[in-house]
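Peer 1: Compute the structure for the input listed below.
(one chain, ligands or ions: 1)
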Amino acid sequence: MVCIPDGCADEPVPDLDGRTPLEAAKTPVLDALAARGEVGRAAVIPPGLPPGSDVGNMSILGYDPAEHHTGRAPIEAAALGLRLRDDQVAYRCNLVAIDADGTMVDFAGGHPSTEDAAVVIRALDEALGTDEVAFHPGVQYRHILVADRALADADCVPPHDLSDRPAVWPTGPAAPRLRALMDASRAVVGASGLAATQVWLWGQGSQPQLPSFADTYGIEAGMVTAVDLVRGLGVLTGMDVVDVPGATGWFDTDYEAKRDAALAGLRDGADLFVIHVEATDEAGHAGDVAEKVTALENWDRRILGPLVEGLDALGDWRLLLLPDHATPLVLKTHTSDPVPYLLVDSRTDGAGGVYTEAGTARSAAVPGHELMARLLER
Ligand SMILES: [Zn+2]
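Peer 2: Numbers count the residues shown, from 1 in each chain. You can find the predicted model right below:
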């Protein structure tokens, strides 16, 4: 089992009397697992790469991002079933709202529904699509532009880094053509009735060459997640990505359904299953202390407790638990700091420890992508 509470690692929080959410949350199952397992610190974000979920989750799945990461958009493109040719790149195409003064007032374009957004993205493709560029509808405000590789050479700023600030346009050789596309999108998006005013292109990259998980590790793996970026990694590595209706990527996600999907996958023949839950990360971005603690307690009571019982019923098992990066509540964004990991083997007791930031602070950080091989005893 691989358990990923997205962004759960944190820093001391004043509202928790200087404790972190991992320290404050009541997690008896996790505590017991840590007491019988091995805890340590993992460097999931290699130096020089952005502390994104794409990079961190690639590490957790056992692939070195320094070798395999080509950008964020091509991973999301894979989640949509798109495969890029060698002469193509994918851009993330946000529907955003920029006001008359040029301020990025909403990087999520007023959070349109997936259905409403798809109408606009199809209209954009109708109006602006050519042999060189094609717009593909995704989820809510998050879409994909597939472009000729000639359009790849630009530095683009993620729109969520520009919130309530002047929009910083792309720079570099391809910037004028990207700017022209974004400018031209205003007529179509503006006529749509959505709160969004235009598209914003960023996060570009070519098709990653990820060897399949089965070829790399010799076993079959399944995954459950509500997040396209993580789903895309599952698709690219040939995992069986299971759809769970109640998986929302939000605080209200159906923890039980994800746990049961994992146990069902293992019973049906998968050798390894990945459960990813986004709620801890969303709470971190929102600076919502109570929701982050609650999300960890939900992990413990609604996933880990029954999961361990289910695993015991299936035979011997091993479990790896760690987040893909930290999302400290006081910063409301990701950091590159190493994160605590937990490795448990049902057959043998480890040194035991405490699964918190402080409990692992003295351990030397191991490269995050090496933990998969340790989990699988390779
Ligand atoms: Zn993440």
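Peer 1: what are the bridge partners for F273, then?
Peer 2: G222 (DSSP bridges).
Peer 1: quick one, what contacts the residue of the stretch 251-378 of the chain found nearest the ion?
Peer 2: Ranked by C-beta to the ion, the top residue of the stretch 251-378 of the chain for proximity to the ion is D324, at 4.3 Å. (C-beta placed from N, C-alpha, C; glycine too.) D324 sits next to I4, D6, G7, V44, S53, V55, G56, N57, S59, I60, V339 when contact means C-beta atoms under 8 Å, 6 or more residues apart in numbering.
Peer 1: Also L22?
Peer 2: Residues near L22 by C-beta under 8 Å, 6+ apart: C8, A9, D10, L296, P340, Y355, T356, E357.
Peer 1: hang on, it is in a helix, isn't it?
Peer 2: Yes. Assigned with DSSP: H, G, I helix; E, B strand; the rest coil, L22 falls within a helix.
Peer 1: Of the contacts of L22, select the buried ones using a ChimeraX command.
Peer 2: In ChimeraX, a selection of the buried entries from the contacts of L22 looks like this (16 or more other C-beta atoms under 10 Å):
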select :8,9,10,296,340,355,356,357
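Peer 1: which ones among the contacts of L22 are found in helices?
Peer 2: L296, E357 (DSSP state H).
Peer 1: could the contacts of L22 go into TSV alongside pLDDT and distance to P112?
Peer 2: Compiled in TSV, the contacts of L22 are given as follows (pLDDT from 0 to 100; distance: C-beta to C-beta, whole Å):
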residue	pLDDT	distance to P112
C8	98	29
A9	98	32
D10	98	31
L296	98	31
P340	98	37
Y355	98	39
T356	98	39
E357	98	37
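Peer 1: State the number of residues packed around the residue of the stretch 51-200 of the chain found nearest the ion.
Peer 2: The stretch 51-200 of the chain approaches the ion most closely through S53 (3.0 Å), counting by C-beta to the ion. Neighbour count of S53, defined by other C-beta atoms under 10 Å: 25.
Peer 1: thinking it is in contact with V230, fair?
Peer 2: Yes. If you go by C-beta atoms under 8 Å, S53 and V230 touch, sitting 6.5 Å apart.
Peer 1: quick one, strands of the stretch 1-150 of the chain?
Peer 2: 2-5, 38-43, 88-98, 104-106, 133-139, 142-148 (DSSP state E, counting those that start in this stretch).
Peer 1: Out of these, which gets nearest to L320?
Peer 2: strand 2-5 (5.1 Å; C-beta to C-beta).
Peer 1: ok, the closest one near the ion or not?
Peer 2: No. If you take C-beta under 5 Å from the ion as the test, strand 2-5 misses the ion, and the best it gets is 8.2 Å.
Peer 1: Which of the contacts of D324 fall in helices?
Peer 2: Among the contacts of D324, DSSP H puts S53, V55, G56, N57, S59, I60 in helices.
Peer 1: how about the residues of the stretch 1-150 of the chain near the ion?
Peer 2: Checking the stretch 1-150 of the chain against the ion by C-beta under 5 Å from the ion, the hits are D6, G7, S53.
Peer 1: Quick one: name the residues of the stretch 251-378 of the chain near the ion.
Peer 2: Close to the ion, as judged by C-beta under 5 Å from the ion, the stretch 251-378 of the chain has residues D281, D324.
Peer 1: Tell me what angle the helix-or-strand element of the chain with minimal mean pLDDT forms with helix 53-60.
Peer 2: Across the helices and strands of the chain, mean confidence by mean pLDDT, DSSP states H and E is lowest for helix 279-286: a mean of 92. If you take axes from the mean of the first three to the mean of the last three C-alpha atoms, to 10 degrees, helix 279-286 sits at 140 degrees to helix 53-60.
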